[in-house]
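Colleague: with the sequence up front, the predicted model follows.
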Amino acid sequence: MGKRCRDVLAIAVSVLAVAWAANCGMAFLDEGRTPPDAAFPALPGQAVVKGISKDCGSGGCWSEMAVDVGSADAAGKLIEALNLSQEHCSPRSLLTLNRTCTGASQMGGEVRVFLRYSY
(Lines give C-alpha, C1' and ligand atoms only; values in the text may rest on other atoms or scores of the structure.)
Protein backbone atom coordinates (compact mmCIF):
# COMPACT_ATOMS: atom_id res chain seq x y z
CA MET A 1 0.00 0.00 0.00
CA GLY A 2 1.45 3.32 -1.04
CA LYS A 3 1.78 6.43 1.07
CA ARG A 4 -1.02 8.18 -0.83
CA CYS A 5 -3.41 5.28 -0.23
CA ARG A 6 -2.56 5.23 3.52
CA ASP A 7 -3.15 8.99 3.73
CA VAL A 8 -6.55 8.70 2.03
CA LEU A 9 -7.50 5.81 4.32
CA ALA A 10 -6.41 7.75 7.42
CA ILE A 11 -8.47 10.77 6.34
CA ALA A 12 -11.53 8.60 5.61
CA VAL A 13 -11.30 6.86 9.00
CA SER A 14 -10.87 10.21 10.75
CA VAL A 15 -13.91 11.70 9.00
CA LEU A 16 -16.03 8.66 9.88
CA ALA A 17 -14.90 8.78 13.51
CA VAL A 18 -15.77 12.48 13.80
CA ALA A 19 -19.18 11.90 12.15
CA TRP A 20 -19.94 8.99 14.51
CA ALA A 21 -18.89 11.01 17.59
CA ALA A 22 -21.05 13.94 16.46
CA ASN A 23 -24.03 11.63 15.94
CA CYS A 24 -23.62 10.13 19.43
CA GLY A 25 -23.21 13.60 20.92
CA MET A 26 -26.40 14.86 19.28
CA ALA A 27 -28.31 11.84 20.60
CA PHE A 28 -27.20 12.66 24.16
CA LEU A 29 -27.94 16.38 23.80
CA ASP A 30 -31.48 15.93 22.48
CA GLU A 31 -33.19 14.99 25.74
CA GLY A 32 -36.64 15.43 24.20
CA ARG A 33 -36.22 12.54 21.77
CA THR A 34 -38.46 9.52 22.06
CA PRO A 35 -38.57 6.32 20.02
CA PRO A 36 -40.91 6.40 16.99
CA ASP A 37 -44.50 5.22 17.43
CA ALA A 38 -43.73 2.29 15.12
CA ALA A 39 -41.54 0.86 17.92
CA PHE A 40 -44.61 0.06 20.07
CA PRO A 41 -45.31 -3.69 20.22
CA ALA A 42 -48.07 -5.11 18.03
CA LEU A 43 -51.34 -5.55 19.93
CA PRO A 44 -53.78 -8.46 19.71
CA GLY A 45 -57.08 -7.87 17.91
CA GLN A 46 -59.18 -7.21 21.05
CA ALA A 47 -57.13 -4.25 22.26
CA VAL A 48 -58.17 -0.71 21.28
CA VAL A 49 -55.57 2.08 21.25
CA LYS A 50 -57.05 5.16 22.92
CA GLY A 51 -54.13 7.42 22.13
CA ILE A 52 -50.40 8.01 22.13
CA SER A 53 -48.82 10.82 24.11
CA LYS A 54 -45.35 12.16 24.83
CA ASP A 55 -44.37 13.10 28.37
CA CYS A 56 -41.18 14.39 29.94
CA GLY A 57 -39.86 14.38 33.49
CA SER A 58 -36.58 14.58 35.34
CA GLY A 59 -35.53 11.20 33.91
CA GLY A 60 -36.01 12.20 30.28
CA CYS A 61 -38.91 11.80 27.85
CA TRP A 62 -41.04 8.85 26.86
CA SER A 63 -43.95 7.97 24.59
CA GLU A 64 -46.96 6.32 26.13
CA MET A 65 -49.73 4.38 24.39
CA ALA A 66 -53.03 4.01 26.26
CA VAL A 67 -54.82 0.76 25.40
CA ASP A 68 -58.40 0.01 26.47
CA VAL A 69 -59.02 -3.68 27.11
CA GLY A 70 -62.23 -3.43 29.15
CA SER A 71 -61.36 -5.09 32.46
CA ALA A 72 -58.53 -5.30 34.96
CA ASP A 73 -58.23 -9.05 34.32
CA ALA A 74 -57.89 -8.51 30.57
CA ALA A 75 -55.31 -5.76 31.22
CA GLY A 76 -53.16 -8.13 33.25
CA LYS A 77 -53.43 -10.78 30.55
CA LEU A 78 -52.43 -8.28 27.85
CA ILE A 79 -49.34 -7.23 29.81
CA GLU A 80 -48.36 -10.89 30.18
CA ALA A 81 -49.07 -11.60 26.49
CA LEU A 82 -46.82 -8.69 25.47
CA ASN A 83 -44.15 -9.91 27.93
CA LEU A 84 -44.05 -6.45 29.52
CA SER A 85 -44.54 -7.29 33.20
CA GLN A 86 -40.96 -6.00 33.55
CA GLU A 87 -39.24 -3.29 31.54
CA HIS A 88 -37.16 -4.65 28.64
CA CYS A 89 -34.37 -2.81 26.81
CA SER A 90 -32.94 -3.57 23.39
CA PRO A 91 -29.20 -3.90 22.81
CA ARG A 92 -27.34 -0.61 22.38
CA SER A 93 -27.33 0.91 18.92
CA LEU A 94 -23.86 1.21 17.43
CA LEU A 95 -24.89 4.46 15.72
CA THR A 96 -26.12 6.37 18.79
CA LEU A 97 -25.07 4.20 21.76
CA ASN A 98 -28.59 4.33 23.17
CA ARG A 99 -31.15 1.57 23.57
CA THR A 100 -34.94 1.50 23.45
CA CYS A 101 -36.73 0.39 26.60
CA THR A 102 -40.34 -0.80 26.72
CA GLY A 103 -42.62 -1.49 29.67
CA ALA A 104 -46.25 -1.39 30.73
CA SER A 105 -48.47 -0.53 33.67
CA GLN A 106 -52.10 -1.24 34.40
CA MET A 107 -54.80 1.18 35.53
CA GLY A 108 -58.07 -0.72 35.84
CA GLY A 109 -59.15 -1.83 32.36
CA GLU A 110 -56.45 0.24 30.69
CA VAL A 111 -52.87 -0.68 29.88
CA ARG A 112 -50.23 2.01 29.38
CA VAL A 113 -47.28 0.87 27.27
CA PHE A 114 -44.25 3.16 27.29
CA LEU A 115 -41.16 3.58 25.11
CA ARG A 116 -38.06 5.52 26.11
CA TYR A 117 -34.40 5.80 25.21
CA SER A 118 -31.82 4.72 27.76
CA TYR A 119 -28.32 6.16 27.50
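Modeller: Thanks, I have it.
Colleague: could you use CA atoms for every contact and neighbour count after this?
Modeller: Will do.
Colleague: how close does the closest residue to residue 82 other than its chain neighbours get to residue 94?
Modeller: Distances taken as CA to CA, 6 or more residues apart in numbering put residue 41 closest to residue 82, at 7.4 Å, once the chain neighbours are dropped. The gap separating residue 41 from residue 94 is 22 Å, by CA to CA, to the nearest Å.
Colleague: the two: which has the busier surroundings?
Modeller: Neighbour comparison, residue 41 and residue 94: the larger count goes to residue 41, with 14 against 10 (by other CA atoms under 10 Å).
Colleague: ok, what's across the strand from the spatially most central residue of the chain?
Modeller: The centroid of the chain falls nearest to residue 100 when counting by CA atoms, centre = their mean (3.0 Å). With DSSP bridges as the criterion, residue 100 is bridged to residue 117.
Colleague: any idea how far residue 14 is from it?
Modeller: Residue 100 is 29 Å from residue 14, by CA to CA.
Colleague: ok, now residue 49?
Modeller: Distance from residue 49 to residue 14, by CA to CA: 47 Å.
Colleague: and residue 72, by the same measure?
Modeller: Taking CA to CA, one finds residue 72 at 56 Å from residue 14.
Colleague: same check, this time on residue 42
Modeller: 41 Å.
Colleague: give me the more crowded residue out of residue 49 and residue 14.
Modeller: Neighbour count, other CA under 10 Å: between residue 49 and residue 14, residue 49 has more, with 15 against 12.
Colleague: skip the chain neighbours and tell me the closest residue to that one.
Modeller: Counting by CA to CA, 6+ apart, residue 49 lies nearest to residue 67, which is 4.4 Å off, once chain neighbours are set aside.
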